[in-house]
Structures are given as structure tokens and as C-alpha cells.
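>>> Build me a structure from this.
(chains A, B and C)
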Amino acid sequence: MRSALTKRTVFAALLSMLCIPAVIAVNIVFFDDRGYYAAGLAIIILSMLPFAFAFEGRKPQAREIVIIAVMVALTVAGRAAFFMTPQFKPVVALVIISGVALGAESGFAVGALSGFVSNFIFGQGPWTPWQMFAFGVIGFISGLVFRRMSASIGNAGAAAPFVGHDESVRLGWNVRAKRKKERLRIALLCAFGFVITFVLYGLLLDTAALTMFTSEISGNALIATYIAGLPFNLIHAVSTVVFLAFLARPMMEKLERVKKKYGLLR
Amino acid sequence: MALVAVKNLSFTYPERTEAALRDISFTADRGEFVVVCGKSGCGKSTLLRHLKTALTPYGERAGAVFFDGRPLSEVDQREQTSRIGFVLQSPENQIVTDKVWHELAFGLESLGEKTPVVRRRVAEMTSFFGIQEWYDKKVTELSGGQKQILSLASVMAMQPDVLVLDEPTSQLDPIAAEDFIETLKKINDEIGVTIILSEHRLEGALPRADRAVCMAEGRVICEGSVTGVGRALEGMGDPMLSAMPAPMRVYLALEGAGHEGSAGSADDSIVADVPKTVREGRIYLERKVGANRAKEAVIFRPDRAAPLIAIKDTETISSRPDGVEPFIAMKDVWFRYERGGRDIVRDLSFTLKGGEFVCIVGGNGTGKTTMLGIVTGANGYWRGKARVLGLDPKKATVRQLSQAGLAALPQDPQTLFTRNTIFDNLVDVAAAHGKSASSEEIEEEVRRVCELTDITDLVGFHPYDVSGGEQQRSGLAMALLARPKLLLLDEPTKGMDNFFKEKFAAILERLAADGMGVLMVSHDVEFCAKYAERCALFFNGGIVSEGEPREFFSGNSFYTTSANRMSRGIIEGATTAEEIVEYIKTM
Amino acid sequence: MSEKNKAYRMADGYDALSANESAERWSVFEGFHPLLNYLYFAYVVIVTVFFLHPVLLAISFASASAWSVRLGGAKALRFGLIFVLPLMLVATALNPVFNHEGVTILGYLMDNPITLESILYGVCAALMIGGVILWFRCYTSVMSSDKFIYLFGRVAPAASLIISMTLRFIPRYVEQAGRIASARRGLGFDVSSGGFAQRVKNGGEVLSIMITWALENAVDTADSMRSRGYGLPGRTAYSIYRFDARDGALLLVLCALTTIVCVSIFSGTVNMGFFPLFSMNATSAPALVAYVCHAVVCLSPFALDVGEDFVWRSLQSRI
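Reported below is the predicted structural model:
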């Protein structure tokens, strides 16, 4: 699993940027610029394709595939486990953690596939591509932004067993200093989680919903939609913060351990 | 010519000082069935993983492995994938996809076979194994034993020349394990595939094997025909002997190893007559006991003379003169999972007193584990009466029961590990159950329990970095740190080797001597016969017979130990190999 | 409620959520090749989403409703009435409130004009939303994960394998979570009692144990994959499906019909515009042909099902 971007991914990203204007052009010419929803759908599907090609193209190894599958399954199970609390879900938090721990590309894969597979359970619908896109991009960006964070959080040591009392006090100091730094990093991650959930997931999906409902995306309509969605998006963003605060450190510790133990870094 | 040959192989894991394998040499010829045995942690798995490059662990290595006359490193991946089949230990973990058909095709897909070829091979394999009905199922719908057969079939679909199996039956119940070994024998006999199998449950595997390799501490201590290895072990007085099938143990104890038995070389010339199966054992015993065979002979174990307790008498036990309230008292208890559902536990009456070690045996799905759930309060019964440590488990909270001294060890110790070192896990439990204790006292107690369960050297490790048996011991230590008066054990000997079983029994006996009540649910008839104070047979939701183990098992005809089956009608009442030997010696 | 019962309920819940395949009635269309299933849904969803033509939308919506009720019975009907219908009403109402384009002013709402065009657009959008949701419902019941994985196993082998593995992992995780909770109960840590903070803490511990377990055991799975040659070049995708003559025939018919519809759309035979003034093609003969073709395509699975009912009934009456 690499944290830096491969050339393939960069190429893929550029390609998708070229596709998007083309779609908009087709939309204006053939559909009289009215099918916002259709155009949006086409754009996000097109922009996901290059990531898919990049992922398939580099032929991920068995261990990487398994770890991604585990993270997707955990995310989907997490979404299912909190079925009784709408919007209060660990999905985004887990996707962010995957992005940070496994790198941007795997983060995208975990996000997009979680969006897809969870709809095997919750029902596929016109929202599926949007969710896939939002989760995927969140995983991708997290991987880019916090490239070096995983190792520094995941490696905070535990005190050795059966050490003498003095020794453990000394170790304790060391660990405490480390922990303080680490807490700062997690706070940063939480803040990032809040913003990205609110903006990328919340606003993007609200906009998508609006394009389904109306022919004219006016400022008023947007504002009204965002206001209507505000409580939901807030809950969602707060839930991401809560889950990140609880899960980030232990999850990254576990992921780092597995990566190291099974030579995923090799 | 040898199909697989290991020459002077040594191996050390990174960041470990002790070598895992030391100068190992052995061969397996075409069509041979080889069993690799040894106590857990002796290096069996490490050795077997060296037989396929894709699974070879990282570390320092010397020596070489040859496959079909070529160094393994020169056999390309594609050829290895198809010709060397590997079945791993856990039935759950090694299945990759969600559907049976997909799992069966997985290896062939990797090899790049076209759909018609895959279809034919898969069809052949499902017919050979008789698993056609599974084809469209989800993997989740299969039982553990069925999953393991599926793994075997999906490897066999690639038509390997050699099958390497790393303790494939350790997670299975005895009947499924027996089925699995039987299937292996069928593959060996009818297709001629070479089989290299590592096992700790040798009763089933050894009689079917051509050769055995016995390992200890990373070395091969003896190798040769099965009977030869038995003799060699007897000659060395090696503790590995106790893992051999009962008929072999009886024979070797009575006849001795023979003059040639010595370490390293097992002489095959004096074999033939060492019995390996119950059938052979009976023939041998008949001959041995001969004319002066005493039908009524009963051997009492000197330390365990208790009368047979029929189920009706449970009342009388609970009011035995010592008069203390029993730890568990159940009367006519019924339980079902849902309203209008089937009763899983029906009309169950059972008593257990402090200081008793009781085993409940019985087949799968008879409700044994459900009964444990009633004791812990997880399953609320709907009819009858139950008291556990003076509390009604249905009404008491988990905390109350726990404070009264109830602790349960689950089947899978991996369900318990929260923290990154075994030590931290132990401290967590100890601290939760000894709130007022100082940290020194807690550490002291942890240290004491670690010594008792023999894990002192392991406490610094991550729980997943130690072997299955060691995880089991760590789990036991956690349960003991909950300071139980009543300890419930669900299938604790699963995956334990015979050596630790002895140690484990000693621990339980000591705890019972200190007044702890121990209730164990198990498939392991041999273990229960040897060590339990009382056994009960669970069937169809209730206890159908109950008694002191020797009486209990000699009353059963099929569901009993192999020593008992072997001596039935020849020597009455013997349930272990040791008892048979003792009887014949004193005759 | 006991731990075990809870675990059972969770498992039931999962099944109820996931196994819509088994809950739904079998459709003849399911028996056709997955490629055909997939192309069919691609066509109906794309035409519904991209082309807001009132007649085509009405046909599409009506067909989707009929088929989804046929597949899902009372449950589907309830879903339609409780979820889809209100959503459609909202969509119809929402557009005129925010969108004031159009020349036919019907009245004013808070100083803003409400136009006929905008209402018409709202109705079409509602038909689109309702149609797509119902089509997806049918999709879920017809396209099992097997079919999806088969189709995409060739295009995106890694992703489709991940999906297959995920579908195996999820029920395992649900089950394991139940086991962990009851194991911890045995040591005196209870998930279902104590104060809120204590419960959250205990719940968190269960999750933590499960995640460790999942990650650590996954390595065995990877070993098993490598041992069976995953990663060798030239991996193929095995399929349990065969493209037979019947598939070919239906594909041919559907291709011909959909081509007619598409040509009509792109040539402008079938067209519409909402703003500033609503306009639509005249009901000419070519337009009628396009409508009929679209209707035949949309209704074909439903018609196949109903047809089969008759066949079976006549077969059974002969027994």
C-alpha cells in the first residue's frame, strides 16, 4: 500500500477533468441544459471510472485486497449497526481512517465500495453513485492530507509488562509526552472530519437531491435545501467527529500493526 | 523417488533468537500419507509452510526444499499453485468468497482456466466429495466441518500432486474431524495424491497414515512407519507417546518398545503387530487376556471411588450431609429462543456443588452450550427453577452474578482480547474485579495466575502473536482473574495438544480442590473420562445419564472412549489406556 | 432481552435487510443472462433519468410500478405508498415554489409567480424520481450479487472480488459481535446494563475486539488466496451463466425496440421543452411507434411473468 500517488492515478484524475466539460457540453447541446441531475450523474460516474481503472490497472495484491475488503465490511456493518439512528453513522469516520492508514488510492476504494455494498443492504437507488463518489473522495482526500499521520499515531507505545515501579514512571513520562502530541493530531483529524462530512458529503448530496427535484438551480433553492438539510448534516458531521475521537487511535494502531506484521509496507 | 524432500532446513523468525526449525530433513514419496506430529509450538506449521513458496514466512533460512527433484525456489508459482495444494487450519478464515461455486472455482480462475474447463473440474470435484447440493449455497450456510471440506474440494479442483494440511481438524468437533480425515484417506486411496498432514488429534489420523514424523522443539525426533515411531517414542520415554491412539499405548506399555527402539531411527522390521485401531486393539487384547478373561472384572480408580449416580438421585446429592447450598441447582428447566419456537433445553435438572469438576458431553446441537447460557443468565428460561450461586440467573444482573463468583471462558479466546499485550488484558480483568486492590496487589495476582497457567514468558506479546493453545491459556488466565467460585468452560480443549491438556487438567483439579465449582461442556470424551469427577450426557435438550466417569462411560456403548470400546466385553469398566494396562499388569 | 436473542435479532435484521432476493417473488426475467438483465436496467434507468418526456416517463413509471408490485407484493405496495408517493408529491410541489420560469402564470405565492410550466416540470421530475426508485427496487430483486460480480468480474476483477469478500465478511462480523458480547458477559462486563457511559465503553470494547479479530484473521484469508494462485497473470472469471438462444432472441428484440426509441429521441421525433413555454411533439404516427416500442420494452419482464403464470396454470390443469 503506498501513500504517494502513482502516475496512473494522476493521469486518471486529469482524464476525468477532461471528461467533465465534455459531458456538460453534450448536456447543453442535446438536453437543453435542463437535465441537471442526469448531467451530474454522468459527471460523477465518469470521474469515478479513472480511479477504478487505476486501481484495477495496478493489480493489487492479495493482502491489500483483503485489508480493503475488511475495512469495507466493517464500514458497512457499522452503517447497519446504527440503522436506528439516522445520520449518526460511523461510515465517514471509518473511510477517513482507511484513507489515512492505507493511502489515498485505497481510501478511495474503501469509500466508493462501502457506498456501493451498503446499498446491497439498504437498497440501490439513484443516490448510490453520489454516495460512492462522496465517500470515495473523502477517503482519497484524507489519504492525501494526512499522509504521514498513520504511523505516528499507530506507533505510540504501550508500557512494558512487569517493569519495576520506577521504570514504569519513567516510561510513563515518555508516553505522556507522546500522547499529548498525538491528541493534537487526533483533534486535527476530527476537525477535518467535521468539515469534510459537512461540506463534501452533506452539501454534495443535498445538491444532488435538489437536481432531482427541480429544473432550475437558483440561489434561493440551494439555500433552502441546505437549511432543510442542516440538522441532518450537523448530526452526521458530529457523529464523524465522535467516531473519529474514539476510533482513530485504536484503529490506526491496529492497522499499523497488521501492515507491519504482514509485510504490507514491503 | 521422493516427491517432496526437505534437506537440513533451519529457520529463524525475524526478531527471535530461538530457531523455529533446526536442521530438519524428511521426505514424502509419491502416494504416501505422512502425518507430522508434535506438541503445539514445535514448528509443525512453520515446516509445512516451507513446502509452498507463497506461504513461506519471512526470516533467516538455511537448507533446501525439493519438489519433484527440483529446488522449490525453481518451481514457478503457477506450477506450485496447481501441484501443491495447501489447506489451512481455520475453516472460516481460508474461505475467500461468499458463494460455494465461486470458492470452488477460485484457484482455477487464478490459473487462467476457461469456463468450460472450470465447470468440468468443479463438477468432478463436487461429485467426488458428494457436495452437489451445496453448489448454489452461501458459504455462511455451511457448518464448520462442511466449510473445511469445501476448502479441501476447492484445492483438489486444481488437481494437485501433493496435499499439505496444517492442523485442518483442530477447529472441528470429533465427528466432523473424523469425516474429514476419512475424506483425506479416500483422496489418498482413490486418486493417489500424496498427503502431508499435521495433527494433534492422532486417534483418527495415525491409523490411516503410512508414515509419521515426530517433532519437538524444531527438530525431528523420530521418523518412520507409524508403529516404528510408536516404538521409538516408547523407547525414549517421550511424552509425545500420550498423544498416540489408545490401542498403541496399551500395546507399547505392555510389550515394551522392543529391542531396537531408539531415537532417530525407527526400525520397521519388528512392527506389523502393533495395533492402531480399536479393531486391532480388540484382537490383541483378546489374545492377551485369553482364557482367564474375567467378564465381571471392575477396576476402581483408587482416588475416585464414587457410586454411580442416576439422574433421579440428583436431589439426594444436593442435600448431602455437608449441607452447603449447591453452586448450580436447576430443576425442570425449559428454554426456547423465541415464543412458539422449539424448546432447546427441556426438562433439565442438574446440580453442581463447590469443589466439583463436572463435564457435560454430547453431540452438536443438543443444547449443551445453550445450557451454559442459562447458567450465565444470557438465556432466560421460561419454566422451572434455577439457582446459581444463590441467585436466580434470570433475574440477577451480570454484575451481581459476576460478584457472586461466576466466570465463563468462551470457546474462542479471541473474543476476549481487548488490549495490545496479554499482560494488559490480564490487568484489565484483574482491576475490574479487584477494585480496592492496589496496583502492586493486582500485579502480584496477575503474576500468580500467569505462573499457574504457564504464560509468564508470553505476557509481553500481542495476543495474536502467540499460538492457538497459548491464546487458550491466556483466556483461561483472564477467566481466573475474574476470581470465580464457579467456572464455566465451553469446549476448552479444542485445539489444545495432549501435553497442555494434562497440565490443564491439573490446574482444574487444583482449583476444584480449593473449592471452586467447574462445569465444562465438551466433545472431548477422552479428556472427560480421564479427569472429570462426574460426567453427564446431554441429548435432545436434557441430561439423559449422569455419573462418575468410569461408570458413566462403561455404561455407554458408542459414545465412549476408544479404550473403553477396545476393552468392552474383555475387561469391563476400563475407560482409559492406563486402566487397561493397570488391570492386565495386576492380573 | 438476552444477549443471544439480540444476536439472533441482529442476524435476522441483517437477513431481512440483505436477502431481498429471497423475500421477493421469482421473476422469469431473472432466468435470463445477467448481461441482458443489466442492459435492460441500464436502458430503462438512463431513458428515465435523462429524458423528461411526459409520455415516456408515464410509461416507464407505470411499468416500474406494475413490476415492482408483482415482485414484492404487499410489501412493495406499502413501500410505494409510504415512501415513493410522498416523495413524488414533494417533488411536484417543490419545483414551482423555487422555480419561477415560464410564461403561463397561474397565481402568486409570497410575491413570486407560480407557473404552469414549472408545475409540469415538477410532475415530470416526480415521475422520474418515482420511476427510478422503483426500477432500482426491481433491480435489487433481480440482480443478485452473483450476477453483478459475474458481469464486473471481467471489467473490474479486483473490485468485484472485494465486493464478494465483503458480502462474506459482513454476516461473519455480525455473528462475531454477538459472540464477543456474550464472551465478555461471562467475565462480568455487560453491554446491556450500567450507566450510559459504561454501556458506551463496553460497546466500544466489543467493537475494538471485533476489529482486531477481523484484521488479524484476514491475513489467513490473504494466505489462502495466494496459496491458490491469486496474483498470477491471466486470471479468468468463471461464470455459472450461459448465454443461450432464448437470451439472444430477447436481446435482439429489445435492441431493435430500444434503437427505435433512441433514434426518435435524437432525431427530435419525440421531444419536449418546458421553458419558457411547454412544448411537446405532436402525436404523429412515428411518435406513436416510439411510445409503443418504449412501452413494450418497459413492460416486457412484467409481461413475461404474467405470461408464465398462464402457462403454468394450463400445465397444472392438465396434471
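>>> Now do B:L252: how many residues are near it, please.
B:L252 has 24 neighbours, counted by other C-beta atoms under 10 Å in any protein chain shown. From N, CA and C alone the C-beta is placed, and that goes for glycine too.
>>> pLDDT score for it?
For B:L252, the model assigns a pLDDT of 88.
>>> same deal with C:A16?
pLDDT for C:A16: 37.
>>> Over to C:A11?
35.
>>> any idea how far C:P34 is from C:Y241?
In this view, C:Y241 and C:P34 are 6 Å apart by C-beta to C-beta, to the nearest Å.
>>> what's the answer for B:S545, then?
Counting by C-beta to C-beta, the gap from B:S545 to C:P34 is 56 Å.
>>> who has more neighbours, the two?
Between B:S545 and C:P34, C:P34 has the larger neighbour count (other C-beta under 10 Å), namely 22 against 18.
>>> Need the three-state assignment for the nearest residue in space to that one that is not next to it in sequence.
Counting by C-beta to C-beta, 6 or more residues apart in numbering or on different chains, C:K147 is the residue found nearest to C:P34 once chain neighbours are left out, at 3.8 Å. The local conformation at C:K147, judged by DSSP: H, G, I helix; E, B strand; the rest coil, is helix.
>>> got it, and the one 3 residues further on?
The three-state label given to C:Y150 by three-state DSSP is helix.
>>> How about the one helix or strand B:A176 maps to, which residues are buried there?
Assigned by DSSP states H and E, B:A176 belongs to helix B:174-190. Neighbour counts over helix B:174-190 (16 or more other C-beta atoms under 10 Å in any protein chain shown) mark B:174, B:176-181, B:183-185, B:187-188 as buried.
>>> again, but for stretch C:161-173
C:161-173.
>>> now those as CSV including pLDDT?
Compiled in CSV, the buried residues of stretch C:161-173 are given as follows (pLDDT from 0 to 100):
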residue, pLDDT
C:L161, 90
C:I162, 93
C:I163, 91
C:S164, 89
C:M165, 91
C:T166, 92
C:L167, 89
C:R168, 88
C:F169, 92
C:I170, 89
C:P171, 88
C:R172, 89
C:Y173, 90
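>>> So which of the residues you listed are in helices?
Mapping those onto helices (DSSP state H) picks out C:161-173.
>>> from these, which are also near chain B?
Intersecting these with the contacts of chain B gives C:161, C:164-165, C:167-168, C:171-172 (criterion: C-beta under 8 Å from any C-beta of the partner chain).
>>> Tell me which two in those are the farthest apart.
Between any two of those, the greatest separation by C-beta to C-beta is 17.6 Å, found for C:L161 and C:P171.
>>> so where's the stretch 1-150 of chain A uncertain?
For the stretch 1-150 of chain A, the stretches with pLDDT under 70 are A:1-6, A:8, A:12, A:16-17, A:20-21, A:23-35, A:150.
>>> list the contacts for the residue nearest to C:P34?
Residues counted as contacts of C:K147 (C-beta atoms under 8 Å, 6 or more residues apart in numbering or on different chains) are C:34, C:37-38, C:241.
>>> can you pick the most crowded of these?
Within these, most neighbours by other C-beta under 10 Å means C:N37, with 24 neighbours.
>>> Which secondary structure state is assigned to it?
helix.
>>> need the strands for the stretch 1-150 of chain B, in chain order.
B:2-12, B:21-29, B:33-37, B:60-67, B:70-71, B:84-87 (DSSP state E, counting those that start in this stretch).
>>> Turn those strands into JSON lines, including mean pLDDT.
JSON lines is the format used below for those (pLDDT from 0 to 100):
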{"stretch": "strand B:2-12", "mean pLDDT": "93"}
{"stretch": "strand B:21-29", "mean pLDDT": "92"}
{"stretch": "strand B:33-37", "mean pLDDT": "94"}
{"stretch": "strand B:60-67", "mean pLDDT": "92"}
{"stretch": "strand B:70-71", "mean pLDDT": "94"}
{"stretch": "strand B:84-87", "mean pLDDT": "95"}
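>>> Looking at those, which is nearest to chain C?
Across the strands of the stretch 1-150 of chain B, chain C has its closest neighbour in strand B:84-87 (4.5 Å, C-beta to the nearest C-beta).
>>> Who are the packing partners of the one helix or strand B:L152 maps to?
Here B:L152 sits within helix B:144-156, counting by DSSP H and E. Judged by 3 or more C-beta pairs under 8 Å, 6 or more residues apart in numbering or on different chains; DSSP states H and E, helix B:144-156 is in contact with strand B:84-87, helix B:100-110, helix B:115-129, strand B:162-166, helix B:174-190.
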